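> below is the sequence, then the predicted model.
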Amino acid sequence: MPDSPTRLPLDGVTVLDFTQVEFGPIATQTLADFGAKVIKIERPGVGDIIRHIDQHATDIDTSAYYLSLNRNKSSVCVNLKSEQGIAVLRELVSEADVLVENFRPGVLEKAGLGFEELHAEFPHLIYASGTGFGPTGPLSGKGGQDMLAQSLSGAANHARDAAGRPQLHPVSFADFGAGQALVQGILLALIERQQSGLGQHVEVNLFDTMLFAQLQELTQWKLRGKETNFVKDNLAGVFKTEDGWITIVGLFRENPLRDICNAFDMDDLSKEERFKDLKSQLTNRGELWPLLDAALASFSTEECLKRLDAADILCAPVLTHDAVLSHEQATANGAFMTTEHPVAGEVTVVKSPVRLSRNSGTPIVSPPKLGADTNKVLANVLGYSPAKLQELRDAGAIA
C-alpha cells in the first residue's frame, strides 16, 4: 500500500482475513481503509465465493461485488487442506494482531486454527468470528445468509406488501450491519488489549444484528403488543410526480396533511371528516393517496421539492443509480472514488462514510487479482526465499 500523507489510525495493525462474500469482507475493508495491513487468505484457483456470483463479470478478477469489498488488501492463496499450507498460515498468525473469519462454526477448528488453540499459542491474537446465527444453539451449524437473517428476525414479515406477502429487501442490510458490528468489536478488543496485553474472541452474527436493528420495534411489541411501522404509522410515502418520484415524510409536524396541501395550493384535506386526524388519514389511506398523487403529478420533481422545502416538510427525490452517482451532494461528500484495476480497468468505489479531520488521506488501492500477493507477502512477512516459495507451490500448499 502506498504511503499515506498522514498516519492512519490502524497503521501497524496486521489483519489475517479468512472472510468471504460481504459480511466479513466489508469489515476487513473498513479496517484496511483506515490503515490496517489486511492479508486476505483465498483458496487456490477459486478465491472468495463472491468472485463467482457476478453474472456480468468476464472472470473472477472482475466481479463488481468482489471489487466493491476488497480494496486495500493483499491476496494470498493458501491451501487449507494441505499440512504445509496450514503451517504457512500458523506462521502468518504469529505475525498478526487480528484474525477474521466467517466460516460455519467448526471449519477452522478442524484445521487446527480455532480460537482456543490459537489463543493458547498466541495470546495476543484477537480472533473475530462472523456467523449466521451464533456459535451455539439449534441453528449454530446452519449456513447464514442476509435474506435468511431478514426472515428469521421478523424483518421480512414486518415489510409485508399490500397483499400481505412478506418482503425481502434487495440491499444486504444484515450483511452490512453485521460487518460494521464486527469492526466495532475488533476495535474494542484492540483498545482493551492495550490494557491487558491479551487478545480475545469477538463474535457477531447476522441474526442478532437484525434483531438489534429492530430494537424499537421489538421493544414496543414486547412492552405493549403493538407493531411499529414508521411508514404505515405516519403520513409518509412515495408519490408520482410529473417526471419521477418523490418521498414525503410528515413526521414531527402537528398537521402534516394541511401543510402538504398548502404547499401545493390545494384545499386543506384535513378539514374533511375522513381525513380529520392522523388515525383517519391512515385508515383512509386508500382514498387519500390518489388525491395526493393527482396533485403532485402536475408538478415536476424539482418543483415539488422546491415547494416542500419552502414549507420545511421532509422530502427527497427517489433517485436512479446514475442520478446518485452524479448527485452534487455525493460529490461534495467525496462519496465515490475511481481506481484503476489491472483487469477491470477504471472502477468506481464507494468510500467509507467515516471522515476523520486528521486522517482523511486514506489511499485507495484496487482489489487484488487472485493470489497476486502470495510471493510478496510470504517473502516480506515470513522471510521465505524464492526456493522455499517454489517448494510450497510445487507441493500445492500455496498458489
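Thanks, I have it. Numbers count the residues shown, from 1 in each chain.
> and stretch 238-253, what's buried?
Under the neighbour-count criterion of 16 or more other C-beta atoms under 10 Å, stretch 238-253 has 239, 241, 245-246, 248-250, 253 buried. Quick note: C-beta positions are derived from backbone N, CA and C, even for glycine.
> typo on my end, stretch 278-293
278, 280-281, 288, 292.
> just how off-centre is it within its chain?
Computed by C-alpha atoms, centre = their mean, to the nearest Å, the chain-centroid distance of stretch 278-293 equals 35 Å.
> mind checking the end-to-end distance for it?
Taking C-alpha to C-alpha, to the nearest Å, the first and last residues of stretch 278-293 lie 18 Å apart.
> what's the answer for stretch 144-156, then?
One end of stretch 144-156 sits 16 Å from the other (C-alpha to C-alpha).
> run through who's touching that stretch.
Stretch 144-156 is touched from outside by 22-23, 104, 131-133, 139, 157, 166-169, 172-175, 178, 205-207, 209-211, 213-214, 218, with contacts defined as C-beta atoms under 8 Å, 6 or more residues apart in numbering.
> out of these, which sit inside strands?
Using DSSP state E, the subset of the contacts of stretch 144-156 located in strands is 131, 205.
> quick one: strands adjacent to whatever helix or strand residue 246 lives in?
Following DSSP states H and E, one finds residue 246 within strand 245-249. According to DSSP bridges, strand 245-249 forms sheet pairs with strand 236-240 (antiparallel), strand 314-317 (antiparallel).
> any chance of the ones you listed in CSV, plus mean pLDDT and distance to residue 369?
Listed next are those as CSV, based on pLDDT from 0 to 100; distance: least, C-beta to C-beta, whole Å:
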stretch, mean pLDDT, distance to residue 369
strand 236-240, 95, 42
strand 314-317, 98, 39
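> gap between stretch 89-101 and the chain center?
Its chain's C-alpha centre and that of stretch 89-101 lie 24 Å apart, by C-alpha atoms, centre = their mean.
> how about residue 365: what's its closest non-neighbour residue?
Nearest non-adjacent residue to residue 365, counting by C-beta to C-beta, 6 or more residues apart in numbering: residue 72, 5.1 Å away.
> and the one you found, how many residues sit next to it?
By other C-beta atoms under 10 Å, 24 other residues sit near residue 72.
> residues in contact with the most centrally placed residue in the chain?
Nearest to the mean C-alpha position of the chain, by C-alpha atoms, centre = their mean, lies residue 176 at 2.2 Å. Contacts for residue 176 (C-beta under 8 Å, 6+ apart) come out as 22, 26.
> any idea how far it is from residue 80?
Look at residue 176 and residue 80: by C-beta to C-beta, to the nearest Å, they are 27 Å apart.
> likewise residue 183?
From residue 183 across to residue 80, the span is 25 Å (C-beta to C-beta).
> swap in residue 229?
As judged by C-beta to C-beta, residue 229 and residue 80 stand 45 Å apart.
> just residue 249 next, same as before
49 Å.
> quick revisit: neighbour count: residue 183 and residue 80, which is higher?
Using other C-beta under 10 Å as the criterion, residue 183 and residue 80 rank with residue 183 on top: 22 against 18.
> that's a helix at the more buried one, yeah?
Yes. Under DSSP: H, G, I helix; E, B strand; the rest coil, residue 183 falls within a helix.
> touching, residue 341 and residue 66? I think so.
No. Using C-beta atoms under 8 Å, residue 341 is not in contact with residue 66, being 10.4 Å away.
> please identify which of these two sits among more neighbours.
Using other C-beta under 10 Å, the more surrounded residue of residue 341 and residue 66 is residue 66, with 26 against 19.
> can you list the weak-confidence ranges in the stretch 1-150 of the chain?
Applying pLDDT under 70 to the stretch 1-150 of the chain flags the ranges 1-5.
> quick one: the strands in it?
Secondary structure of the stretch 1-150 of the chain (DSSP state E, counting those that start in this stretch): strands located at 14-17, 37-42, 73-77, 98-101, 126-131.
> between those strands, which one is nearest to residue 390?
In terms of C-beta to C-beta, the element of those nearest to residue 390 is strand 73-77, at 14.5 Å.
> direction included, what does the closest one pair against?
strand 37-42 (parallel).
> okay, the partner strand in PDB with CA atoms only?
Provided in PDB are the C-alpha atoms of strand 37-42 (Å, rounded to 0.1, in the frame of the first residue of the first chain):
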ATOM      1  CA  LYS A  37      -2.400  -4.300   6.800                       C
ATOM      2  CA  VAL A  38      -5.000  -6.800   5.600                       C
ATOM      3  CA  ILE A  39      -3.800 -10.100   4.200                       C
ATOM      4  CA  LYS A  40      -6.700 -11.900   2.500                       C
ATOM      5  CA  ILE A  41      -6.400 -15.600   2.500                       C
ATOM      6  CA  GLU A  42      -8.100 -17.200  -0.500                       C
END
